[in-house]
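Q: sequence plus the predicted model coming up.
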Amino acid sequence: MGKVQARNEATIAAPANVVADTLANYQIRPELQPENYSAFRVVAGGMGQGTIAAWNLQATKKRSRDVEAVVTETGDKNTEWTLSEADKNSTMVTTYTVRAQGASSCTLIVDTQWDGATGIGGFFERTFAPGGLKKIQQEQIEALRARVSSN
């Protein structure tokens, strides 16, 4: 069983704390999610640390997973901050890292990892899943970019 990873990095033309606050707000998170996400709901909390949110992620036409994510935060939203969503139903963890680049720009890294399957199925998962998930991450980044640039 090997780790499977999908990672995107982007520069966002908005202050780091604005991007971090937007990502941490699970009341508006559905507005940032591509159509691959459905049935989004906040189970507990709603703002950052301690939030539990659930959704269905339709990775491909035939593969979907029910996610129940427990949220943790570390760091300083003005300099370098990390939000992690650990799925209670699997080994999947998505981490958002926001690093300030001056007062009005930041770098966002979205990294999703999980323990992949073994055998031939694992080979195909490690080969094809990262590309599909990177596309989904990129759509989320673009929605975030549009939201924070309008504020």
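A: Received, thanks. Numbering: from 1, shown residues only.
Q: my read: Tyr96 touches Gly75, true?
A: No - no contact is recorded between Tyr96 and Gly75 when judged using C-beta atoms under 8 Å, the distance being 10.9 Å. To be clear about C-beta, it is placed using only N, CA and C from the backbone, and glycine gets the same treatment.
Q: joint contacts of these two?
A: Thr82 (C-beta atoms under 8 Å, 6 or more residues apart in numbering).
Q: who has more neighbours, those two?
A: Using other C-beta atoms under 10 Å, the more surrounded residue of Tyr96 and Gly75 is Tyr96, with 22 against 15.
Q: the more buried one: what secondary structure?
A: Look at Tyr96: counting by DSSP: H, G, I helix; E, B strand; the rest coil, its state is strand.
Q: that one and Arg63, how far apart?
A: Here the distance between Tyr96 and Arg63 works out to 23 Å (C-beta to C-beta, to the nearest Å).
Q: so what sits opposite the residue lying closest to Ala44 once chain neighbours are set aside in the bridge?
A: The spatially closest residue to Ala44, leaving aside those adjacent along the chain, is Ile52, at 4.3 Å (C-beta to C-beta, 6 or more residues apart in numbering). Beta-bridge partners recorded for Ile52 (DSSP bridges): Ala44, Val70.
Q: tell me the confidence at Ile52?
A: What the model reports for Ile52 is a pLDDT of 98.
Q: got the contact list for it?
A: Shown here is Ile52, whose contacts under the criterion C-beta under 8 Å, 6+ apart are Val42, Val43, Ala44, Gly45, Glu68, Ala69, Val70, Val71.
Q: where does the prediction get shaky in this protein?
A: Residue ranges of the chain with pLDDT under 70: 1, 116-131, 150-151.
Q: show me the strands in it, by range?
A: 3-12, 37-44, 52-58, 64-76, 80-87, 93-100, 106-115 (DSSP state E).
Q: in CSV, list the ones you listed along with distance to Ala20.
A: As requested, those are exported to CSV (distance: least, C-beta to C-beta, whole Å):
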stretch, distance to Ala20
strand 3-12, 10
strand 37-44, 18
strand 52-58, 16
strand 64-76, 9
strand 80-87, 5
strand 93-100, 5
strand 106-115, 8
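Q: tell me which of those strands lies nearest to Ser149.
A: Proximity to Ser149 (C-beta to C-beta) singles out strand 3-12 among the strands of the chain, at 8.2 Å.
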